[in-house]
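Student: Generate a structure from the sequence data that follows.
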Amino acid sequence: KDGEIPVKLCNFVDVYYNWAITSDMEKEFMEATARPNEIERFKLKRGQVALTKDSETRFDIGIATYIADDFDNVILGYHNALITPSPEKLSGKYINALLHTDYARTYFANNASGSGQRYALSIDALNNFPVPLIPLAEQERIGDIFSSIDQKIAINRAINDNLEAMAKQLYDYWFIQFDFPNEEGKPYKSSGGKMVWSDELQMNIPHNWVICRLNDYIDKNNTGDWGNDIPSNNSIEVGCIRGADILKLNNLPRRYIKKNNIAKLLSDWDMVIEVSGGSPTQATGRSALITPGTIKRNGGKITCSNFCHAFSFKSYKYSAFFFFAWKMFYVNDIMFNYEGKTSGIKNFMTETFLANKWVMPKQELVDRFFEQIRSIYSQIDANIAENNHLTKQRDELLP
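Tutor: From the prediction side, this is the model:
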């Protein structure tokens, strides 16, 4: 608003999904404005604890995060509460750990007011939460143990972010700038590699590449199967990818699909896209690459929901090139078409999109790129597995 001060906003989802809020997260926060008195009341300071205060379900309230750094320009957003412990009595790290226990979660769920559409915690419910007071030195020791686990989890996430950026940069370098290694190991285009004009694509491409339809890469295009939430005699248990899971692929919801739908199971190096959204603004067309680690950490069998499609490729080594090409089209909104853009369900027109033409590089280059991506995603999967182990360890220590 005019006349207010620009700030960054730490929102409900930032609190909900993070054990701690650190200064390196500030760049991802939403931009907003606020009045000076709001900034004074809700500015984040080291040692505080924020928690979710109201939500659609009673089990999503009372989720806490520790404010690990001082912030000059970040305030806490709506639907959250901010706790400032008395430093001579309470450690913020200890309170944060305590609020993550089942003991605290049960207290908040039982003391939430509301029904149906919205649940909330009152100030009285927050103030009356029973805190076991132990010596401050013990509180700090307990808090440091959990914070050290979270720091390692955060480091692994940062490493994975960098690895994914490296993978994208490699695709851009090889297949957008056309500076893939030539026979001498030098950058192809920069070293004078022959380029030819393609009338079909209206761009220059390497002389020995061919034009194909996107569909020419694909062997099978499967629809999904959401299955049931309870087992039956002729069902198997699977992890199921929904649109909400497509960017993280970890701890997928467990479902039960019929055994005769086993063809719906995904294989290593398949690709999943979200094809339907519940509103015109939902991001259909988002994609995920199914690595061996994805399947392993989700119980060995996964499928996707009815709102997704799954591609299997004519050669699994096409998967890396096709996946990053898809992401490039998606980010730049190239050739993407939808039904229901203005009202109702937003549906991605998969077959129309796959009919578009694109390049097919030489097979040995596609294979070489795949091996690079496989190595990168192997490291990413190892870090996710370690984080899952650390999270399990943390959850076992909390009681």
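Student: Can you report how many residues neighbour the closest residue to Ile273 other than its chain neighbours?
Tutor: If you skip the residues right next to it in sequence, Ile273 has Ser287 as its closest partner in space, 4.8 Å away by C-beta to C-beta, 6 or more residues apart in numbering. For glycine as for every other residue, the C-beta is placed from the backbone atoms N, C-alpha and C. Using other C-beta atoms under 10 Å, the number of residues around Ser287 comes to 20.
Student: you'd agree Cys304 is up against Leu266?
Tutor: Yes. In terms of C-beta atoms under 8 Å, Cys304 counts as a neighbour of Leu266; the distance is 6.9 Å.
Student: I would like the residues contacting the helix or strand of the chain with the lowest mean pLDDT, please.
Tutor: The helix or strand of the chain with the lowest confidence, counting by mean pLDDT, DSSP states H and E, is strand 338-339 at a mean of 74. By C-beta atoms under 8 Å, 6 or more residues apart in numbering, the list of residues contacting strand 338-339 from outside reads 284-285, 346-349.
Student: From those residues, which land in strands?
Tutor: Judged by DSSP state E, those include 346-348 as members of strands.
Student: Just name the closest of these to Phe129, please.
Tutor: Set against Phe129, the nearest of the ones in strands among the contacts of strand 338-339 by C-beta to C-beta is Lys346 (41.8 Å).
Student: related to what we said a few turns ago, mind checking which of the contacts of strand 338-339 are buried?
Tutor: Using 16 or more other C-beta atoms under 10 Å as the burial test, those include 284-285, 346-348 as buried.
Student: export the residues you listed to TSV and tack on distance to Thr291 and pLDDT?
Tutor: Formatted as TSV, the buried ones among the contacts of strand 338-339 follow (distance: C-beta to C-beta, whole Å; pLDDT from 0 to 100):
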residue	distance to Thr291	pLDDT
Thr284	23	82
Gly285	20	88
Lys346	28	77
Asn347	27	85
Phe348	23	88
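Student: Distance check, the residue nearest to Ile273 against Val272.
Tutor: According to C-beta to C-beta, to the nearest Å, Ser287 stands 7 Å off from Val272.
Student: Could I get the contacting residues of the residue nearest to Ile273?
Tutor: Contacts of Ser287 by C-beta under 8 Å, 6+ apart are 246, 271-274, 323, 326-327, 330.
Student: Same check on Gly293?
Tutor: With C-beta under 8 Å, 6+ apart as the criterion, the residues that contact Gly293 are 377-378, 380-382, 384-385.
Student: Where does it sit, in terms of helix or strand?
Tutor: Assessed by DSSP states H and E, Gly293 sits inside helix 292-297.
Student: neighbours around Ser375, how many?
Tutor: Neighbours around Ser375, by other C-beta under 10 Å: 11.
Student: Could you look up the SS state of it?
Tutor: State at Ser375, reduced to three classes by DSSP: H, G, I helix; E, B strand; the rest coil: helix.
Student: where in this structure is pLDDT low?
Tutor: Applying pLDDT under 70 to the predicted model, the residue ranges of the chain that meet it are 116, 278-283, 340-344.
Student: and with 50 instead?
Tutor: Applying pLDDT under 50 to the chain flags residues 280.
Student: Look up how far Gln379 lies from Phe71.
Tutor: From Phe71 over to Gln379 (counting by C-beta to C-beta), the distance is 32 Å.
Student: same thing with Ile241?
Tutor: When Ile241 is compared with Gln379 (using C-beta to C-beta), they lie 22 Å apart.
Student: Cys304 and Leu266: which is more packed in?
Tutor: When neighbours are counted by other C-beta under 10 Å, Cys304 comes out ahead of the other of Cys304 and Leu266, with 32 against 25.
Student: can you pull the contacts of that one?
Tutor: Contacts for Cys304 were tallied using C-beta under 8 Å, 6+ apart; they are 224-225, 240-242, 264, 266, 272, 310.
Student: Dig out what it forms beta bridges with.
Tutor: Counting by DSSP bridges, Cys304 forms beta bridges with Ile241.
Student: picking up where we left off before, the contacts of Gly293 in helices, which ones?
Tutor: When DSSP state H is applied, the contacts of Gly293 are split such that 377-378, 380-382, 384-385 fall in helices.
Student: Throw these into a markdown table and include distance to Leu397 and neighbour count, thanks.
Tutor: As requested, these are arranged in a markdown table below (distance: C-beta to C-beta, whole Å; neighbours: other C-beta atoms under 10 Å):
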| residue | distance to Leu397 | neighbour count |
| --- | --- | --- |
| Tyr377 | 30 | 21 |
| Ser378 | 29 | 13 |
| Ile380 | 26 | 20 |
| Asp381 | 25 | 19 |
| Ala382 | 23 | 14 |
| Ile384 | 20 | 20 |
| Ala385 | 19 | 15 |
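Student: which one of those is nearest Arg41?
Tutor: Ile384 (37.9 Å).
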